[in-house]
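Student: here is a sequence with its predicted model. Questions after.
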Amino acid sequence: MAIDRTPRLKRCRALGLEPAVVGLAKKSKRQPKRQMRKVSEYGTQLKEKQKAKFIYGVLEKQFRGYYEKAKKMQGVTGENLLSLLERRIDNVVYRLGLANTRRQARQVVRHGHITVNGKRLDIPSALVKTDDVISIAEKSRSNGFFKELSENYKPLSVPSWLTADKTHLTGTVVRVPMREDIDVPVNEQAIVELYSK
């Protein structure tokens with residue numbers, strides 16, 4: 001399995017992203033370098049794709065698959081693409097505040113700590129559907145990480161397409177996310193233009 005091992009703060013600087021977007025608390029001390037030369041249209045489109053891939057922790061082959069799936073869906077391709085990425089179980093776990101970063105959420109899912117509708121799910125790329133209930137597996141609740149989480153649970157600003165239950169540490173998918181629900185600083189239309197060349 002391929003893993004992107006680039007230091008995240010360095011990657012944030014290169015893509016012009018705030019570290020908070022990927023769940024990093026500390027700010028970068030270095031200021032981003034000013035662009036001296038004009039970036040081509042292709043360069044801009046490529047940067048938007050790299051931003052989306054980095055934020056959601058997806059590599060090229062999988063990202064291309066999401067694009068192909070989004071193209072076949074009804075509606076605007078770019079919005080469909082972001083909606084698919086948002087519905088990944090690792091992203092949902094992060095959005096519900098059950099992990100501090102998407103990388104941590106991916107690991108939590110991978111280790112089998114998450115259930116969807118009562119069934120254990122350990123595939124981070126699995127997509128959630130409307131009315132799915134996401135919770136911590138019963139066996140995992142005694143784990144030190146989750147014990148601490150239940151004592152100090154402060155969910156992120158949970159998007160309107162999800163609901164979070166603080167007492168039981170669960171979340172429910174209310175509906176499919178729309179573009180206005182997704183706060184990632186990505187121009188999805190540029191990604192569509194890049195792939196449709």
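Tutor: It's in. Fair warning: this is a prediction, and the values are worked out from it, not measured in the lab.
Student: mind checking which helix or strand of the protein has the lowest mean pLDDT?
Tutor: helix 8-15 (a mean of 73; mean pLDDT, DSSP states H and E).
Student: can you pull out the strands in the protein?
Tutor: For the chain, applying DSSP state E gives strands covering 114-116, 119-120, 133-136, 162-165, 170-173.
Student: among those strands, which comes closest to Ala70?
Tutor: strand 170-173 (18.4 Å; CB to CB). Placement of C-beta: from N, CA and C, glycine included.
Student: by contact count, what packs against the closest one?
Tutor: The contact analysis (3 or more CB pairs under 8 Å, 6 or more residues apart in numbering; DSSP states H and E) places strand 170-173 against helix 89-95, strand 133-136, strand 162-165.
Student: any idea how far stretch 111-122 is from the chain center?
Tutor: Distance of stretch 111-122 from the chain centroid (CA atoms, centre = their mean, to the nearest Å) equals 18 Å.
Student: what is the burial count for the nearest residue to Ser83 once chain neighbours are set aside?
Tutor: Distance criterion CB to CB, 6 or more residues apart in numbering; nearest residue to Ser83, sequence neighbours excluded, is Pro177 at 5.2 Å. Residues lying near Pro177 (other CB atoms under 10 Å) number 23.
Student: what do you get for Arg13?
Tutor: Neighbour number of Arg13 under other CB under 10 Å is 16.
Student: contacts for stretch 152-159?
Tutor: Where contact means CB atoms under 8 Å, 6 or more residues apart in numbering, the residues beyond stretch 152-159 that reach it are 94-97, 164, 166, 169, 171, 177, 181-183.
Student: pick the one among those residues closest to Glu79.
Tutor: Ile182 (8.4 Å).
Student: correct me, but the residue nearest to Ser83 touches Arg87?
Tutor: Yes - if you go by CB atoms under 8 Å, Pro177 and Arg87 touch, sitting 6.8 Å apart.
Student: out of the strands of the chain, which is closest to Lys69?
Tutor: Minimum separation from Lys69 across the strands of the chain (CB to CB) falls at strand 170-173, 18.1 Å.
Student: distance of Thr130 relative to Thr172?
Tutor: Distance, Thr130 to Thr172, using CB to CB, to the nearest Å: 9 Å.
Student: same question for Ser125.
Tutor: 20 Å.
Student: likewise Glu79?
Tutor: According to CB to CB, Glu79 and Thr172 sit 22 Å apart.
Student: Leu15 contacts Lys47, correct?
Tutor: Yes - in terms of CB under 8 Å, Leu15 counts as a neighbour of Lys47; the distance is 6.5 Å.
Student: which regions of the chain sit below the pLDDT cut-off?
Tutor: For the chain, the stretches with pLDDT under 70 are 1-6, 21-36, 155-156.
Student: longest helix anywhere in it?
Tutor: In the chain, with assignment by DSSP state H, the single longest helix is helix 41-56.
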